[in-house]
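Q: need a structure here:
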Amino acid sequence: AHFPAPHSQTWTRNIGVKSGLALVSLESFSPLESEEFGPVFIQEPDDVIFPLDSDEKKVVMHCEARGNPPPTYSWHINGTEVDPEADYRYSFIDGNLVITNASEMIDYGKYQCKAENSFGTVLSRDALLQFAYLAAFSPKARGGVSVREGQGVVLMCTPPPHSPEIIYSWVFNEFPSFVAEDSRRFISQDTGNLYISKAQPSDVGSYICLVKNPVTNARVLSPPTPLTLKTDGVMGEYEPKIEVHFPTSVLAAKGVTVRLECFALGNPVPTITWRKINGNIPKKARLRKSQAVLEIPNIQLEDSGTYECKAENPRGGTAFKGHLQVYTLPQWVRMINDTQMDSGEKLQWECKATGRPRPTYRWLRNGLPLTSQGRLEILNGELTVHKVQQADSGMYQCVAENKYGAVYSNAELKILASAPVFIPNPIRVIATLGKDVSLECKPRASPKPRITWRRGDRRIQPNKRIMLLRNNTLKIVNSSRADEGNYVCRAENQLGSAEMTAVLWVKEAMRVALSPSRVEVTVGESVVLSCRATHDTSLDVAFQWFFNQKPINFQHDGGHFEYIQTQSSTVDLMIRSILLKHAGKYGCRAQTSADTVFAEAELLVRGPPGPPGVVIVEEITDTTATLSWTRGLDNHSPISTYNLQARSPFSLGWQTVKTDPEPVTGDMESAMAVELNPWVEYEFRVVASNGIGTGDPSAPSRGVRTKEAVPSVAPVNVSGGNGRRHELVISWEPVSEEFQNGEGFGYIVAFRANGTRGWKEKMVTSTFPPLTPFEVKVGVYNNKGDGPFSEVVIIHSAEGEPREPPSDVKAYSISSSEIRLTWKPPNPGPGRPRGYEVSYWRDSEQEESGKKQQTVKNETSMVLTGLEGNSLYLITVKGFNSIGQGPASAAVTAKTRKAPQPPINLMWIQEGNNVSLSWDPVKAKANESDVIGYMVLVRQEGRSFNQVTRTINPSTILSLPEGGTYTIDVRALSEGGEGVVSSQVRVVTVVRCPCKSNQCSVHRLTWTALLLVLLVPSASW
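A: Sure thing, here's the model as predicted:
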């Protein structure tokens, strides 16, 4: 705001006026960052477990506090202050305590950090320093254990010195063969011992106890303990004896996982069961190690109680009971807070904590215990100090503790003592003409000062228009121009005095005009609202737009709202693409440093109707439903029509239904849906329309089912035929459930022989001659009665399976693996084949183990493939159709041809790495398959190299890799497969020399002299 200020004054703050009331606060500001205060812990020491074998030989106990002035630190070990100058092993780094060459004997215990500055002292919580180590087992040999078979045995671990708790396992005979725990063997994590409830021969061997420190990860092995079985007999059965169990009283901290152990010796091996006396075992509990361990995670107070484990076998049973008690560390419910007080006032602090056992309380001031005496009273967690004095300032701590731990709540008490101070001073107050104004006077002072007001040189005397309130505020009613001027508040106490000046200006009231004040628009249109303020020109004005009393967020709603500044005292609100949700009250708030004025305009939005109210089904028949509903919002455009929609399990979503009356006009609130299907469950909804469009649908009605009715839809696509002999097969397209119209739906099948008169409508036991024509129709019925029949169709009775076998079956071999088969179909008549099945088997096999092949449709020939060469086969043929198979033909025989003979007289010419190979052509004999080519196989000895070459000629040229020994053989090929292999050829190739080409060429001619060799058997090489 801009004001003409007096020449010699500097103004420090502008105070705004709301609703014409100027309120001036002179309360002191929050403490600055530079304000002084006592120590406050940022980090307190935590419990530490230090590995003695650590490479880092230093233990660090952490402590850090903030304060102004910065605090100094000291430490106590088991109540004794640490002196770094007296023991070189101790040193301080900031607030941290560093211990060099830490020793368990000297340094084990509780540590407490003390932080102090000129405002007081605080003590940290206690932190426990422990040391982790694992010594070696005694090397002394352990004596053997000998028991009878069936007897229980306990192998003692006797662990070495260690800290903290260790993990036990056992090795059988040699590492890493560990003993597997089951119902017969158990390793206690409390004692470390191995328990075997019933010894057996497989247990004989050497046992070693292995322990692990989970902090250091160190492991050590015990000397072996031999276990043998006595030879003087087998132990008989005996009742269980619980050998290891949890203590009679178990203490556990809330939130931890509790493991209760229970294991028994016995023969037969005992079964372990658990229960909680007078209660149920928690659902979160788990049984581990064949039920020898009851594990309860995240233990809570309600899990406390008496638990029992029972060991039983056929010889008897025994039980053990123990009590589980859950304790909790103290936890704060109410803590103390920093407090500032004037001297002479009464201090009351209360701290409260929960815990089991119930915690006790003690109080500290600057680290020293407090007791009730003089002005100070202590009652459990309550501290009272009467008529506080400067000497009572300092750091206070409330300690809540039980035997499992303690918690500290810290607070600083400051006793104020200061002469009055006004911040800020002076102040400026702008009031609105005719409104009330209040001038506050709240100096910072202790003890509380005496307040007086004056205007100019005259002390203000209260009257009807100027009042002095109890809180020292000066209130002026119905302010006028004459009230402008300087007002002085004086504050005084025994430490001094101060004055504050308030300058009051009174301005004309601001007026705001918002136009248009009421406007109607249609969805999708746009509108501009204009807000103009008339105000004192010396004041700046700020505007803010509201929608239904809430500020408009132009960044979030920028797609529809735009703020437009047209003049310094006028702003516009543009609303684009209006939606129904934009209807409501729009407010413009204009604010100056003297006044705030709010004006509103109403925006009505015309749009499609809102959804109608609840749809109720008033009456239901087999094909109609009478519906009623309540009108929804018309959104400022009259509703013209309603549309009724229905949904059923058979419809694709919502469908418009016919109505009575048609159409349903906008003034109606009920109508009848007609032409519905009987016995169908429907939901209904209503949609309203007006001149602008169609609105959202109503919520669906509850589902209702129309009444039953006689079926009205007959089956379609009636057909039939086929089937077994003497059967009449009739089929039709089922009637959809949507058109069954009621319960008890079924079909009526009516038939009669073609040319007869009477229809048969029941099951008929007489047989029908094959391929007899029948007139057939199918009707429908339900519990309400019979429905219509379908159109009459002609259907023939079944002709039956084939009655005769195929004739003139012939078979002949075409190769060593193929036989061609031909036959003629049986004589025409009922039971025509739709295909044929061929069965074939070797003469050395049974017919049941043979193979079968079927023709495609009713072909009368087939080629059997994949047969063995030079083998005699028996073959039969039978016809089949959809009814079944006919009789088989008499078996015919055919013998497959033999595979070709092996090639002979192999000859080769080797030139370098190239081999020209030839042989005598193979001529097929009468009972052999015709030769269609040859296959040459090359193998490299000692390698996986293989090369196959096929040729139709009795010769070929092979190119072989350098530096290898190769074997070559040849086979004749026929349509039935490969023939017998020839004798082998062995060829050796060498690596060529790295010389110039003309020199290599000469060498190769010398080396590759033509050599023609007759093949000899490979065994002669």
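Q: give the pairing partners of the longest strand along the chain; include direction for each.
A: As assigned by DSSP state E, the longest strand anywhere in the chain is strand 316-334. Strand 316-334 has its sheet partners listed here by DSSP bridges as strand 249-253 (parallel), strand 305-313 (antiparallel), strand 352-356 (antiparallel).
Q: chain center to the helix or strand harbouring residue 431: distance?
A: For residue 431, the host element (DSSP states H and E) is strand 427-432. A distance of 60 Å separates the C-alpha centroid of strand 427-432 from that of its chain, computed with CA atoms, centre = their mean, to the nearest Å.
Q: how about stretch 322-335?
A: Chain-centre distance of stretch 322-335: 34 Å, with CA atoms, centre = their mean.
Q: pull the residues that contact it.
A: Stretch 322-335 is contacted from outside by 245-254, 258, 260, 299-301, 303-307, 350-357, 359, 381, 398, 400-402, 404-407, 409, 411, using CB atoms under 8 Å, 6 or more residues apart in numbering. For every residue, glycine as well, the C-beta is placed using N, CA and C.
Q: next: stretch 88-97.
A: 45, 60-65, 71, 73, 75, 82-84, 98-102, 111, 113, 115.
Q: re the thing from before, mind checking which of the strands paired with strand 316-334 is nearest residue 790?
A: With CB to CB as the measure, strand 305-313 is the member of the strands paired with strand 316-334 nearest residue 790 (73.9 Å).
Q: buried sites along that closest one?
A: 305, 307, 309, 310, 311, 312, 313 (16 or more other CB atoms under 10 Å).
Q: quick one: which of the residues you listed is nearest to residue 502?
A: residue 305 (71.3 Å).
Q: is that closest one bridged to anything, and to what?
A: With DSSP bridges as the rule, residue 305 is bridged to residue 324.
Q: quick check, pLDDT for it.
A: The model reports residue 305 with a pLDDT of 95.
Q: in the stretch 701-850 of the chain, which spans are strands?
A: Secondary structure of the stretch 701-850 of the chain, counting by DSSP state E, counting those that start in this stretch: strands at 704-705, 716-720, 730-733, 746-753, 773-782, 785-789, 793-796, 807-813, 819-824, 835-842.
Q: in CSV: the ones you listed, plus mean neighbour count and mean pLDDT.
A: As requested, the strands of the stretch 701-850 of the chain are arranged in CSV below (neighbours: other CB atoms under 10 Å; pLDDT from 0 to 100):
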stretch, mean neighbour count, mean pLDDT
strand 704-705, 13, 94
strand 716-720, 15, 84
strand 730-733, 16, 84
strand 746-753, 17, 84
strand 773-782, 19, 82
strand 785-789, 16, 86
strand 793-796, 16, 80
strand 807-813, 16, 91
strand 819-824, 18, 92
strand 835-842, 20, 92
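Q: excluding covalently adjacent residues, which one is nearest to residue 356?
A: In space, and not counting its chain neighbours, residue 356 is closest to residue 328: 4.8 Å by CB to CB, 6 or more residues apart in numbering.
Q: how close does that neighbour sit to residue 125?
A: Per CB to CB, to the nearest Å, residue 328 is found 16 Å from residue 125.
Q: just the buried subset of the contacts of stretch 88-97, please.
A: Among the contacts of stretch 88-97, those buried by neighbour count (16+ other CB under 10 Å) are 45, 61-65, 71, 73, 75, 82, 99, 102, 111, 113, 115.
Q: those in strands, which ones?
A: When DSSP E is applied, the buried ones among the contacts of stretch 88-97 are split such that 61, 64, 65, 73, 75, 99, 111, 113, 115 fall in strands.
Q: hmm, which two among those residues are most spread apart?
A: Most distant of those, by CB to CB, are 65 and 99, 20.2 Å apart.
Q: find me the pLDDT at residue 861, would you?
A: pLDDT at residue 861 comes out at 92.
Q: ugh, wrong one, I meant residue 288
A: Listed pLDDT for residue 288 reads 92.
Q: cool, and residue 368?
A: Looking at residue 368, its pLDDT stands at 94.
Q: swap in residue 458?
A: On the pLDDT scale, residue 458 gets 88.
Q: for it, give me phi and psi.
A: Main-chain torsions, residue 458, degrees, to the nearest 10: phi -100, psi 130.
Q: how much space is there between it and residue 452?
A: 12 Å.
Q: over to residue 482?
A: 22 Å.
Q: compare the two (neighbour count), which wins?
A: residue 452 (16 against 7; other CB atoms under 10 Å).
Q: adjacent strands (with direction) for the helix or strand the more buried one falls within?
A: Per DSSP H and E, residue 452 falls inside strand 450-455. Applying DSSP bridges, strand 450-455 is found paired with strand 458-459 (antiparallel), strand 485-493 (antiparallel).
Q: right, so the ones you listed: which one is the most enclosed?
A: Of all the strands paired with strand 450-455, strand 485-493 has the most neighbours on average by mean count of other CB atoms under 10 Å, namely a mean of 19.
Q: from the contact counts, what lies against the helix or strand following that one?
A: Using DSSP H and E, the helix or strand that follows strand 485-493 in sequence is strand 496-507. Here strand 496-507 touches strand 418-421, strand 427-432, strand 437-439, strand 485-493, going by 3 or more CB pairs under 8 Å, 6 or more residues apart in numbering; DSSP states H and E.
Q: save the ones in strands among the buried ones among the contacts of stretch 88-97 as CSV, and put in pLDDT and distance to residue 837 too.
A: Listed next are those as CSV, based on pLDDT from 0 to 100; distance: CB to CB, whole Å:
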residue, pLDDT, distance to residue 837
61, 95, 94
64, 96, 95
65, 95, 99
73, 96, 102
75, 96, 101
99, 94, 96
111, 96, 96
113, 96, 98
115, 96, 101
